[in-house]
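Colleague: return a 3D structure for these sequence lines:
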Amino acid sequence: MAASPLQAQDVNAGVTELRLSTALAPTYPLGRAGQRWAQLVNEKAGGTFEVKQYPGATLAARDPGREFGALKSGLAELAVGSALVWSAQFAPVGVYAIPWLTGSAREQEALAADVPLRESVFAQMATAGVIGLAVAPLGEYVLATTKAPIETPADLKGLHVRVVSLRSLIELYAALGAVPQSMNFAQAQAALAAGTLAGQDALPTTLVATRASVSGMKFITRWGAFADVMVFAARKASWDSWSEERRVLVRNAAEQAAREVNALAREEAALEQLTKDGVTILRLSPVQRHAMRDAAQPAIDRWTGLVGAELAGTAQAVVAAARK
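Modeller: Reported below is the predicted structural model:
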């Protein structure tokens, strides 16, 4: 992190290592996808160059919300990131995480697999200095709480919930009457112990890894608000300097890693583990989800406005077709 973007570019010209950034370690699906991508590239590169993974968003000052910018600036050549998190710096990719867009694994898979939508998002990414290579479902965020599951908007009134530091996400929780808070793991543990934090928005694998049930998170609501995808991408300036052979190798490896990651199954397995740990899991009915969505509609409208009407319309059409 001591190197400036310009220095990073200068260094890149004389080395064979390509730095791959992921926000999470390989114990999580997103980090595992990055690890597999690196393995596939290195197996086929024959030592002519090597991909090295840097988990924990270490190339972005340990802030996943800055990872897209780190990729643009040259602090990383490759990255696998959350579309939801990357939308903090590149709003159009947030189309994959529009609240209450998808309601099932099949719809999430259809959205991630849709070629026209992917090409539209990747075209805009290229103008921002990043080359998109592949997309894979990441999973559905759930709402873990300490005292009771969340069934209606009224249940969220005044509830202090830990969320990702993303303006659109914070606005949506605020629209539902919750008190969204961004904090690191140590701060969250202290807040839970003090009784000042009552909920957390997270992927099930995160809740298992952080032993949320031991921390007092005894209820999980599958409310369907946020699904996410992982995006495999490369720095455009680096990509443009590579031979066609290297580009094909890196792209093919990204596409294979995206097919293999199977994050949705890992999230379902995490929910099963949480049940074994004594956590009560509730899935909202379609009527209950609609009530949540209606209550948050102004925030959703702002979200889709940032994404862009055309992209949002394409995503909605894809999901509607998947429901038939």
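Colleague: where do the domain boundaries of the chain fall?
Modeller: According to automatic domain parsing, the chain comprises the domains 5-138+228-263, 142-225+268-323.
Colleague: can you give me the strands in this protein?
Modeller: For the chain, the strands defined by DSSP state E occupy 17-22, 50-54, 78-82, 130-140, 142-145, 160-162, 179-181, 199-202, 219-222, 227-235, 280-283.
Colleague: nearest to residue 320, out of the ones you listed?
Modeller: Residue 320 lies closest, by CB to CB, to one member of these: strand 227-235, at 15.3 Å. Using the backbone N, CA and C atoms, a C-beta is placed for each residue, glycine as well.
Colleague: quick one: strands adjacent to the closest one?
Modeller: strand 78-82 (antiparallel), strand 130-140 (antiparallel) (DSSP bridges).
Colleague: look up how far residue 24 lies from the residue most central in space within the chain.
Modeller: Against the mean C-alpha coordinate of the chain, by CA atoms, centre = their mean, the closest residue is residue 82 at 2.4 Å. According to CB to CB, to the nearest Å, residue 82 stands 9 Å off from residue 24.
Colleague: cool, residue 49 as well?
Modeller: Separation of residue 49 from residue 24 (CB to CB): 24 Å.
Colleague: looking at those two, which is more packed in?
Modeller: Neighbour totals were compared for residue 49 and residue 24, and residue 24 leads with 23 against 17 (other CB atoms under 10 Å).
Colleague: quick one, what contacts the nearest residue to the more buried one once chain neighbours are set aside?
Modeller: Leaving out its chain neighbours, the residue that sits closest to residue 24 by CB to CB, 6 or more residues apart in numbering is residue 31, at 4.0 Å. Residues in contact with residue 31 (CB atoms under 8 Å, 6 or more residues apart in numbering) are 22-25, 53, 55.
Colleague: relative to residue 105, how far out is residue 31?
Modeller: In terms of CB to CB, residue 31 sits 21 Å off from residue 105.
Colleague: and for residue 263?
Modeller: Computed as CB to CB, the residue 263 to residue 105 distance reads 10 Å.
Colleague: tell me which of these two has more neighbours.
Modeller: Taking other CB under 10 Å, residue 263 and residue 105 do not tie; residue 263 has more neighbours (24 against 16).
Colleague: the more buried one contacts residue 112, doesn't it?
Modeller: No. In this structure residue 263 lies outside contact range of residue 112 using CB atoms under 8 Å: 10.0 Å.
Colleague: what touches both of these two?
Modeller: Shared contacts of residue 263 and residue 112, counting by CB under 8 Å, 6+ apart, come down to 136-137.
Colleague: pull the most distant pair out of the contacts of residue 31.
Modeller: Top of the distance list for those (CB to CB): 23 and 53, 11.5 Å.
Colleague: give me the neighbour count for the spatially closest residue to residue 203 that is not a sequence neighbour.
Modeller: Closest residue to residue 203 apart from its sequence neighbours, by CB to CB, 6+ apart: residue 139 at 5.3 Å. When counting by other CB under 10 Å, one arrives at 27 neighbours for residue 139.
Colleague: same question, the one 5 residues further on
Modeller: By the measure other CB under 10 Å, the count of residues near residue 144 is 30.
Colleague: surely it touches residue 198?
Modeller: No. If you go by CB under 8 Å, residue 144 and residue 198 don't touch, sitting 9.8 Å apart.
Colleague: re the thing from before, list the residues that contact both of residue 263 and residue 105?
Modeller: With CB under 8 Å, 6+ apart as the test, residue 263 and residue 105 both reach residue 137.
Colleague: so residue 180 is in contact with residue 163, correct?
Modeller: Yes. With contact defined as CB under 8 Å, residue 180 reaches residue 163; the gap is 4.6 Å.
Colleague: right, I'll call it a day here.
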